[in-house]
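Visitor: Build me a model:
(one chain, ligands or ions: 1)
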Amino acid sequence: MSTVGAGLRRVADLLAGAGIGDAPREASMLLAEALGVERDRLALRRDELLDAEALARAEALAARRAGGEPMSHIRGWREFWGRRFKVDARVLDPRPETEVLVAAALEEPFGDVLDLGSGSGCILLTLLAERQQARGVGTDVSGAALEVARENARALGLERRAGFIETDWCAGLRGRFDLIVSNPPYIAEAEMAGLQRELAHEPRGALTDGGDGLSAYRAIAGGLGDRLAKGGRVLVEIGPTQGRAVSALFDAVGLADIRVLPDLDGRDRVVA
Ligand code: GLN
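Guide: Next comes the predicted model:
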């Protein structure tokens with residue numbers, strides 16, 4: 001019989017041996033998962049006994065993590081803007097950078113919001129959870145992603161205010177929205193090779209357009225005309241080198257007051 005503290009060290013050693021950067025932190029996530037407790041509570045239980053089965057479960061999870069599986073897939077969820085979102089291989093893993101888009105959107109007044117390429121639903125559902133009066137639609141070309149988004153909507157009690165539609169960007173939609181947001185696949189095909197290992201567990205179509213990384217913005221800009229309410233705002237996440245090109249695309253379809261916003265690292269991250 002070992003203790004929780006010893007188990008934590010054992011799992012952290014396994015992770016560190018596989019080159020995982022923040023092994024102690026990840027070890028605590030995995031042991032918490034194996035024990036079915038909140039990670040924050042673990043520190044208070046270091047001296048408690050840890051039974052062999054729980055340690056074996058944590059070691060098995062550590063082996064998956066060491067093999068490159070994302071923490072979100074092992075746990076089955078990831079935190080975004082303070083809430084848990086179900087995440088698996090059907091959707092893009094919500095990223096902290098995307099919280100910049102959410103922060104900017106929450107500066108805007110909105111009642112009807114459209115999220116193009118909604119994936120897990122993390123953007124749309126966060127905006128609706130933060131604005132009790134708002135309603136919204138998420139679209140995705142992946143029916144499998146929409147299943148995850150609908151589950152997240154239910155889990156957050158937002159299914160009556162959030163609709164999810166399987167379509168290409170705005171195709172077939174009706175009505176106008178005063179806020180349109182998107183975090184589209186913006187990695188250029190040529191850059192994917194170098195990122196293969198890191199991104200192997202997420203759907204390729206959520207990451208790259210298979211071209212120059214700008215085709216989603218062309219499609220979005222081209223379809224906005226009939227969907228954006230008068231005085232409405234558009235916010236899209238971008239890759240750090242795409243600010244100028246994406247601004248030009250929105251300028252070309254007559255949008256005004258275009259701004260590029262940085263993320264916490266100071267890199268361009270959102271075009272508003
Ligand atoms: N909107 C989702 C997110 O930001 C999914 C984006 C995507 O699949 N490209 O996480």
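Visitor: what residues does the stretch 101-250 of the chain put near the ligand?
Guide: Residues of the stretch 101-250 of the chain lying close to the ligand by C-beta under 6 Å from any ligand atom are G117, S118, G119, S120, C122, I123, N183, P184, P185, A206. For every residue, glycine as well, the C-beta is placed using N, CA and C.
Visitor: what number of residues lie near the first one?
Guide: Each residue near G117 was counted by other C-beta atoms under 10 Å, and the total is 26.
Visitor: How about the one 5 residues further on?
Guide: Residues contacting C122 under the criterion other C-beta under 10 Å number 30.
Visitor: Quick check: it touching F80?
Guide: Yes - between C122 and F80 there is a contact under C-beta atoms under 8 Å: 4.5 Å.
Visitor: Specify the residue ranges that define each domain of the protein.
Guide: 2-68, 77-271 (automatic domain parsing).
Visitor: what are the ranges of the strands in the stretch 51-200 of the chain?
Guide: 77-80, 83-86, 112-116, 135-140, 162-166, 177-182 (DSSP state E, counting those that start in this stretch).
Visitor: For those, give me TSV that also has mean pLDDT and mean neighbour count.
Guide: Formatted as TSV, the strands of the stretch 51-200 of the chain follow (pLDDT from 0 to 100; neighbours: other C-beta atoms under 10 Å):
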stretch	mean pLDDT	mean neighbour count
strand 77-80	96	19
strand 83-86	98	19
strand 112-116	98	26
strand 135-140	98	24
strand 162-166	98	18
strand 177-182	98	24
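Visitor: Would you reformat these as TSV and include distance to R267?
Guide: Formatted as TSV, those follow (distance: least, C-beta to C-beta, whole Å):
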stretch	distance to R267
strand 77-80	19
strand 83-86	24
strand 112-116	22
strand 135-140	26
strand 162-166	30
strand 177-182	18
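Visitor: nearest to A155, of those?
Guide: Proximity to A155 (C-beta to C-beta) singles out strand 83-86 among these, at 6.7 Å.
Visitor: So which elements touch that closest one?
Guide: strand 77-80, helix 122-130, helix 143-155 (3 or more C-beta pairs under 8 Å, 6 or more residues apart in numbering; DSSP states H and E).
Visitor: that older thread, tell me which of the domains of the chain sits most buried.
Guide: Of all these, domain 77-271 has the most neighbours on average by mean count of other C-beta atoms under 10 Å, namely a mean of 18.
Visitor: what's the offset of that domain from the middle of its chain?
Guide: In terms of C-alpha atoms, centre = their mean, to the nearest Å, the centre of domain 77-271 is set 9 Å apart from its chain centre.
Visitor: end to end, how far does it reach?
Guide: 28 Å (C-alpha to C-alpha, to the nearest Å).
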